[in-house]
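**Q** Coordinates for the following, if possible.
(one chain, ligands or ions: 2)
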Amino acid sequence: MRIAIILGTRPEIIKMAPVIRELEGGGREYFILHTGQHYSYNLDKVFFEQLKLPQAKYNLEVGSGSHAEQTAKILIGVERVLLEENPDLVLVEGDTNSVLAGALAASKLHIKVGHVEAGLRSYDRQMPEETNRTLTDHCSDYLFAPTEKAKAILLGEGIPQEKIFVTGNTIVDTVYQNLEIAKETENTLNTLHLAPREYFLVTLHRQENVDNLARFASILEGLDKVAIEFYLPIIYPIHPRSRKMMAEFDLQPKKLRLVEPVDFLSFLQLESSARLILTDSGGVQEEACILGVPCVTLRDNTERPETLEVGSNILAGVLPNRILEHTRLMLNKENNWVNPFGDGTAGKKIVKIIMEDSDG
Ligand code: UD1
Ligand code: UDP
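**A** Ligands and ions are numbered 1, 2, ... in the order given. Sure, this is the predicted structure:
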């Protein structure tokens, strides 16, 4: 059994790390194909270094571009590598253009596809990720659903039961494997002059939020209101997409402290000591839930409904007063929920399932 791991962006590197670690530890035959969708040091290499991942055997260096351009370049590059390497299985994680193109190229070559984090749905086709995740699920042979809820969604779409495996989400593995290391080795709070529980953490990068002037401006106004009411610093490690759009729209948030995107251990520290997190990121909604930190999601919907159900997260949308009200609400709640995303053994389970299947 030879496995190709295809990845291309920050969250894929972070969430595929436990699977790669498991393959590496078990002496399995595999290689990493990086699409190059993310290429800046602080969105890419820093995670390979910090999570101690082996270098990618291939990097397609596709870079940024329109959806069609980027997806097409990945398709062409992945097909070429797969024809040369002829692996038995391709593994992809999540919902980016790299994931869809990787899965599609493999599927057309009749190479089996395993989708890690299958069965997530926001039912919002404004999100490019919704198209990517739905199509990827439907051309996959192994669907690794993080929760029973995700499995039910896949069954509801007619995907056969025998292809679906509930494993938990690999983000729990990554968080558990790195939280203590983060606490021991990083001193991000001191560097940024922050005191535990005396600041808010923000991330914001979704295309439908930051590429839209009205929505982006409205969210920033809401965040300024939060800063004023609670009189606490708001730290925003800003994604390059958002930095670019903020400059293009000439938006100047008055109360936010913008910093460059930080490495994973530093980010874990920032998350775990925050009073509250406001975000439109998928992974950050999960991490807040795992770390016991309340989360306000700056979107109208989420493909992580488990976080709403356990009470770790709330959907605020993008209107300034709603952001403020929902922040108040979450700050007055008890943080006693149970993490619904598994016990930190998803990576192990995924590799075991693949290997047992290949042994017949
Ligand atoms: C992509 C994913 C998104 C994911 C996010 C993780 C798709 C459709 N979107 O969004 O689901 O949540 O990654 O962070 O696949 N840029 C850099 N350096 C880089 C990469 C990008 O400066 O290394 C800038 C470029 O200006 C680029 C912009 O960010 O145009 C957007 O990059 P892109 O890869 O298209 O999408 P993301 O917003 O990163
Ligand atoms: N993250 C990080 N540094 C940052 C911001 C985020 O390491 O400055 C990590 C975060 O811990 C999470 C992942 O990046 O694991 C989330 O990625 P992102 O929000 O870019 O994508 P999404 O999850 O929305 O697809």
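**Q** C-alpha from now on. contacts and neighbour counts both.
**A** Noted.
**Q** Against residue 352, how distant is whichever residue of the stretch 101-250 of the chain sits closest to ligand 1?
**A** Distances between the stretch 101-250 of the chain and ligand 1 by C-alpha to the nearest ligand atom are smallest at residue 241, namely 3.8 Å. Counting by C-alpha to C-alpha, to the nearest Å, the gap from residue 241 to residue 352 is 37 Å.
**Q** before we move on, what about residue 322?
**A** For residue 322, the distance to residue 352 - C-alpha to C-alpha - is 45 Å.
**Q** before we move on, what about residue 140?
**A** In terms of C-alpha to C-alpha, residue 140 sits 18 Å off from residue 352.
**Q** what does the chain have sitting close to ligand 1?
**A** Residues of the chain lying near ligand 1 by C-alpha under 6 Å from any ligand atom: 9-11, 37-40, 43, 64, 95-97, 128-129, 240-241.
**Q** The same query, at a cut-off of 8 Å, please.
**A** 9-11, 36-44, 63-67, 70, 95-99, 128-129, 132, 205-207, 239-242, 244, 281-282 (C-alpha under 8 Å from any ligand atom).
**Q** If we check ligand 2, which of those are in contact?
**A** Within the residues of the chain next to ligand 1, those near ligand 2 by C-alpha under 8 Å from any ligand atom are 9, 10, 11, 42, 43, 95, 96, 205, 206, 239, 281, 282.
**Q** out of these, who's nearest residue 118?
**A** residue 95 (9.0 Å; C-alpha to C-alpha).
**Q** still on that earlier bit, strands - which of the residues of the chain next to ligand 1 land there?
**A** Among the residues of the chain next to ligand 1, no residue falls in strands (DSSP state E).
**Q** Using neighbour counts, give me the buried entries of the residues you listed.
**A** Neighbour-count burial (16 or more other C-alpha atoms under 10 Å) is assigned, among those, to 9-11, 36-39, 42-44, 63, 70, 95-99, 128-129, 132, 205-207, 239, 242, 281.
**Q** The helix or strand hosting residue 201 packs against which elements?
**A** Using DSSP states H and E, residue 201 sits in strand 200-203. Applying 3 or more C-alpha pairs under 8 Å, 6 or more residues apart in numbering; DSSP states H and E, one finds that strand 200-203 contacts strand 234-237, strand 276-279.
**Q** quick one: contacts for the residue in the stretch 1-150 of the chain that ligand 2 sits nearest to?
**A** Closest contact between the stretch 1-150 of the chain and ligand 2, by C-alpha to the nearest ligand atom, is at residue 11 (4.3 Å). Applying C-alpha atoms under 8 Å, 6 or more residues apart in numbering, we find residue 11 in contact with residue 283.
**Q** In stretch 341-356, which residues are buried?
**A** For stretch 341-356, by 16+ other C-alpha under 10 Å, it's 341, 342, 344, 345, 346, 347, 348, 349, 350, 351.
**Q** Mind putting those residues into CSV with pLDDT?
**A** What follows is the buried residues of stretch 341-356, written out as CSV (pLDDT from 0 to 100):
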residue, pLDDT
341, 98
342, 98
344, 98
345, 98
346, 98
347, 98
348, 98
349, 98
350, 98
351, 98
